[in-house]
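Visitor: this one's sequence-less:
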């Protein structure tokens, strides 16, 4: 069974940093793209950043210059380094994998993690 497991959320003061990690577990052959969404209460879910297996990364305008997404294909893990955090970054952050194929031949068009809470507050 393939699944995504996130870690690294928590409470941080404005201006602080956090690093989120998301590991895809299971017998994974390939993942086309990995990324992060976030959702704050009463707000539509927002795409934060994505990194394809090859090609350019994408960042939402709201996080450009502050967040950095990276990926370790040997570990099927994606990271989100979040610096200069603001109160408006408070949300549940969800890891996302697209185009995932495992060694049994099963294909997942989209797979999402359970989410990790990030709270930015003094």
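Guide: Thanks, I have it. All values reported here derive from a predicted model rather than from experimental measurement.
Visitor: who touches stretch 83-90?
Guide: Residues outside stretch 83-90 that contact it (C-beta atoms under 8 Å, 6 or more residues apart in numbering) are 12, 14-18, 38, 40, 62-63, 66-68, 82, 118-121. To be clear about C-beta, it is placed using only N, CA and C from the backbone, and glycine gets the same treatment.
Visitor: Now restrict those residues to buried residues only.
Guide: Buried members of those, scored by 16 or more other C-beta atoms under 10 Å, are 12, 18, 38, 63, 67, 68, 82, 118, 120.
Visitor: Which of the contacts of stretch 83-90 fall within strands?
Guide: Members of the contacts of stretch 83-90 lying in strands (criterion: DSSP state E): 12, 18, 38, 67, 68, 82, 118, 119, 120.
Visitor: tell me the two of those that are most distant?
Guide: 68 and 119 (20.3 Å; C-beta to C-beta).
Visitor: got the phi/psi numbers for the nearest residue to residue 108 once chain neighbours are set aside?
Guide: Spatial nearest neighbour of residue 108, excluding adjacent residues (C-beta to C-beta, 6 or more residues apart in numbering): residue 100 at 4.2 Å. For residue 100, the backbone dihedrals (degrees, to the nearest 10) come out as phi -90, psi 130.
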